[in-house]
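S.K.: Compute the structure for the input listed below.
(chains A and B)
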Amino acid sequence: MILRKLVKVPNITSRTHNSLHHRMLNFSTLFNPPFSPKPPSHLATNVIKSYFETGRVREARTLFDEIPERDVVAWSAMISGYSSCDLHTEAWVMLREMLRAGDGVQPNEFTFSSALKACKGMNSLSCGALVHALALKLGVLGNIYVGNALMDMYGTCCSRMDRAFAVFEEIGAKNSVSWTTLIACHTHLGDGHGGLRVFRQMLLEEAELNPFNVSIAISACASISSQVYGRQIHAAVFKRGFESSIPVMNSILDMYCRCNGLSEASRCFHGMTERDIITWNTMIAGYEKSDPYEAINLYSSLEFEGLTPNCFTFTSVIAAVANMAVLGVGEQFHGGILRRGLGDDLGVANALIDMYAKCGNIMNSCKIFNEMHVKNVVSWTSMMVGYGSHGHGKEAIALFDKMVQSGVRPDRIVFVAVLNACSHTGLVDEGLRYFKSMVSNYNITPDQEIYGCVVDLLGRAGRVKEAYELIEAMPFMPDESVWGAFLGACKAHKLAELGKLAASRVLELRPSVAGTYMAFSNLYAADGKWGDYARIRKLLRRMGSKKEAGRSWIEVRNDIYSFVAGDKLGSRIEWVYEAVDILGLHMKEARHNPDLECLEDGT
DNA sequence: GTAGGGTTAG
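M.R.: Residues are numbered from 1 along each chain as shown, chains lettered A, B, ... in the order given. Predicted structure coming up:
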């Protein structure tokens, strides 16, 4: 009777549970009654599993330690339990203890599949390869669970897709998990095309569609921004009745959000009968950039539905606040984050650094950054971008050096941040040094964005010839971001001929960019060539293309007023003009000469 | 009595 009660651990209250646990510690009394010749360790294993399922890790370990003769099932339950609770290192330590115990217990296929999951969780290729060797020695590689787990480990740890694929090829009778795992490995590595190739192969080999492989295939479409493929799979989802699966629908929402289909995402979202927190997070993230106001509205509806926001929710909501630059709202969300104990989450803290910087409060960004216990490359980048946009280029650069000293390896995006900081502070030679170091010390191949930054760095400082030489020396065709940076330099330094060359290149690459025509016509105007100026303007009008209006907004006593140049906000617009006049006076006092040519009526 | 794949944050 007592044993039957113990097996039902998850359903009991904590007080009852604690008292039971207190009695359970005496293992031999409970599990080895006088009439039983051998300890029924399978019952203890049952309880261990229940403990892990309810997160009672310490109790599981205590009970395990009490078992006099641990068999392979008990060891496997411990390794699996730790790994399921995301305690992968503990699972690994357990495996090592098992192998060293010297009691003749050998790992089986259950032990290996759980151990490989732990290696994947630790992102340790060396541990995974050790398990692989041992599994080979003990002849369990033919087991489908072991094969699939091995493939997953290789595909995740250090991106060894070559080895993952070799394992996949060796699996004789692949099952649906084998296919899903291989598609997921490709997709999670950012190779959506590869994921879809495998998905297509899976269909050719007449493997069945299921919610698992469909979710990851849609995620692959999202990663390559292909709404065309995404819609095809959406149609298959509809046909097979997988629309009742929340993860499948969440994937579809995410795909539409990332593939310029926000209205379609919204339609699907409203059609869902059941939604979880990931559904809401996906939509909030989808609206965060293009319609941050709606993202914040969604947050309110989520709370109204009684769901609990998590760190993903706040990361997106804080990003929405940053895009609107509404400090008061951001502070309120920050309070909510602290009340829920989510302030220590890395993603949330990174978003807060960015939000405070974009809302003009760089001091709070610094405070959050300095108080973080763990920082990743995004934390350092966010702080550097913040410093850069506040005109503190030197602080941004100092931070880069500090980051390297702390052992964080810079990625491509950090270099974008440091180059921008150098560019806006006029630290041209420092910027060029970082550009060279990126290639020689960190083996990062510069892409269009990086070249655009360096062209901007040289161009702003008036070193336009060097900027042009850099463009000429690029190992690939410069895109519109590179020529755009060059065009900006020509405009700033009134180099009409070179500017026309740059503008024509941008127009060749993206003929629909109205902003380029504007810059182009301004160059003619600056050059006094009014006939050419009129011709471009006429062309622009004929295209029906309109440069998107630069929108500004101001927060006055908790109300936000948004406007474009020449807009009328009733009597309140006077406040804005008054503020602009005061800024102009400040500029004159500081002996800055405002460039009024950049002002365009109605834009 | 012990093992598996999918969805959200820069």
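
S.K.: For DNA strand B, what's its nearest residue on chain A.
M.R.: residue A:347 (2.5 Å; CB to the nearest atom of the strand). (Each C-beta comes from the backbone N, C-alpha and C, glycine too.)

S.K.: Spatially central residue (nearest the centroid) of chain A, please.
M.R.: In chain A, the centroid-proximal residue (CA atoms, centre = their mean) is residue A:347; its distance is 8.8 Å.

S.K.: what's the burial count for the nearest residue to that residue once chain neighbours are set aside?
M.R.: Spatial nearest neighbour of residue A:347, excluding adjacent residues (CB to CB, 6 or more residues apart in numbering): residue A:315 at 4.6 Å. Residues lying near residue A:315 (other CB atoms under 10 Å) number 24.

S.K.: Give me the pLDDT value at residue A:315.
M.R.: pLDDT recorded at residue A:315 is 98.

S.K.: What strand or helix carries it?
M.R.: helix A:311-324 (DSSP states H and E).

S.K.: coming back round to it: isn't there a helix covering the residue nearest to the centre of chain A?
M.R.: Yes: the assignment for residue A:347 by DSSP: H, G, I helix; E, B strand; the rest coil puts it in a helix.

S.K.: how near is it to residue A:255?
M.R.: Note on residue A:347: its distance to residue A:255, by CB to CB, to the nearest Å, is 22 Å.

S.K.: need the contact list for the residue nearest to residue A:347.
M.R.: By CB atoms under 8 Å, 6 or more residues apart in numbering, the residues touching residue A:315 are A:345, A:347-348, A:350-351.

S.K.: Give the buried subset of the residues you listed as a PyMOL selection command.
M.R.: Buried members of the contacts of residue A:315, defined by 16 or more other CB atoms under 10 Å, are picked up in PyMOL with:
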select buried, chain A and resi 345+347+348+350+351
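
S.K.: residues contacting the residue of chain A closest to DNA strand B?
M.R.: Here residue A:347 is in contact with A:311-312, A:315, A:378 (criterion: CB under 8 Å, 6+ apart).

S.K.: These: which ones sit near DNA strand B?
M.R.: Restricting these to those touching DNA strand B (CB under 7 Å from any atom of the strand) yields A:311-312, A:315, A:378.

S.K.: Alongside DNA strand B, which residues does the stretch 51-200 of chain A contribute?
M.R.: Counting by CB under 7 Å from any atom of the strand, the stretch 51-200 of chain A sits next to DNA strand B at A:71-74, A:76-77, A:80, A:84, A:108-111, A:113-114, A:117, A:143-146, A:148-149, A:152, A:175-181, A:184, A:187-188.

S.K.: repeat that for 6 Å
M.R.: A:71-74, A:76-77, A:80, A:84, A:108-110, A:113-114, A:117, A:143-145, A:148, A:175-177, A:180-181, A:184 (CB under 6 Å from any atom of the strand).

S.K.: burial count for residue A:141?
M.R.: Around residue A:141 there are 17 residues (other CB under 10 Å).

S.K.: do the same with residue A:104
M.R.: With other CB under 10 Å as criterion, residue A:104 counts 5.

S.K.: Residue A:493 versus that one, what's the distance?
M.R.: From residue A:104 to residue A:493 the distance is 80 Å (CB to CB).

S.K.: Model confidence for the residue nearest to the centre of chain A, exactly?
M.R.: 97.

S.K.: repeat for residue A:585
M.R.: 82.

S.K.: Number of residues surrounding it?
M.R.: 10.

S.K.: Equivalent analysis for the one 3 residues further on, please.
M.R.: Number of residues near residue A:588 (other CB under 10 Å) recorded here: 11.

S.K.: Quick check: it is in a helix.
M.R.: Yes: counting by three-state DSSP, residue A:588 is part of a helix.

S.K.: returning to that earlier point: quick one: which of the contacts of residue A:347 is most hemmed in?
M.R.: residue A:315 (24 neighbours).

S.K.: Mind checking what secondary structure the closest residue in space to residue A:486 that isn't next to it in sequence has?
M.R.: Excluding its sequence neighbours, the residue lying closest to residue A:486 (CB to CB, 6+ apart) is residue A:502, at 4.5 Å. Following three-state DSSP, the label given to residue A:502 is helix.

S.K.: Residue A:502 touches residue A:482, doesn't it?
M.R.: No: Residue A:502 is not in contact with residue A:482 according to CB atoms under 8 Å; the separation is 9.2 Å.

S.K.: Among those two, which residue is more densely surrounded?
M.R.: residue A:502 (31 against 28).

S.K.: Can you pull out the low-pLDDT segments for the stretch 151-300 of chain A?
M.R.: For the stretch 151-300 of chain A, no stretch has pLDDT under 70.

S.K.: Show me where the stretch 401-550 of chain A has its strands.
M.R.: For the stretch 401-550 of chain A, applying DSSP state E, counting those that start in this stretch gives no strands.

S.K.: now chain A
M.R.: Secondary structure of chain A (DSSP state E): strands located at A:552-556, A:559-563.
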